[in-house]
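S.K.: Starting from these lines, generate the structure:
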Amino acid sequence: MKVSTKGEYGIRALLELSLRYGDGYVQSAEIAAARSIPENYLYQLLITLRKAGIIRSRRGPQGGHMLARSPHDIAVADALIALEGPIEPTLCVQSEVVNDCPYQDICAMREVWQRVTDVTRGVLESTSFGFLAERERALRQAELSSLN
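M.R.: Okay, the predicted model is just below:
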């Protein structure tokens, strides 16, 4: 799995919404400015995340975007799958794909790709945006402390 700009920017946007969880709707211009994401591109990502049920959006002057549930209940895997597609690095280990490879029963590399998938999935599913938000707060605090 290669994470594209789409995935990277989407993760940044969700992290910003995680840091602001409980504060109400956040306008896309604020998210874009806080995370250095082009606003037009962000708009498209937010549509995808809304369709996936990860965020809620509301139009109007008091509108914006917010997480659909607690950041502790949203795994990085949820976001990356919504934005990038399957986690599996090759078709031969994607459960949704009919594998018609003539070597599937004797391919030693398929086992390697399955292990890569399992480890990657485990890390991404066990990492929540709540954890990331807490970690970022701690890192920011440590940076501020080192400046004093």
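S.K.: How about the contacts made by the residue at minimal distance from the centre of the chain?
M.R.: Centroid-nearest residue in the chain, with CA atoms, centre = their mean: Ala79, separated by 3.3 Å. Listed by CB atoms under 8 Å, 6 or more residues apart in numbering, the contact partners of Ala79 are 7, 10-11, 14, 49, 52, 54, 129. In short, each C-beta sits where N, CA and C put it, glycine included.
S.K.: So which of the residues you listed is the closest to Ile37?
M.R.: Distance to Ile37, by CB to CB, is smallest for Gly10 among these, at 9.0 Å.
S.K.: doesn't Leu45 make contact with the closest one?
M.R.: Yes: Gly10 lies in contact with Leu45 (CB atoms under 8 Å); the separation is 4.7 Å.
S.K.: Show me whatever sits in contact with both of those two.
M.R.: By CB under 8 Å, 6+ apart, the residues touching both Gly10 and Leu45 are Leu83.
S.K.: one step back: counting neighbours, which of the contacts of Ala79 comes out on top?
M.R.: Ranked by neighbour count (other CB atoms under 10 Å), the contacts of Ala79 have Leu14 at the top, with 29 neighbours.
S.K.: Can you point out the helix or strand that includes that residue?
M.R.: helix 5-19 (DSSP states H and E).
S.K.: And for Met66?
M.R.: Short version: Met66 belongs to strand 64-67, going by DSSP H and E.
S.K.: Setting the sequence-adjacent residues aside, check what's closest to Ala82.
M.R.: Sequence neighbours aside, Ala52 is the residue nearest to Ala82 in space, at 3.6 Å (criterion: CB to CB, 6 or more residues apart in numbering).
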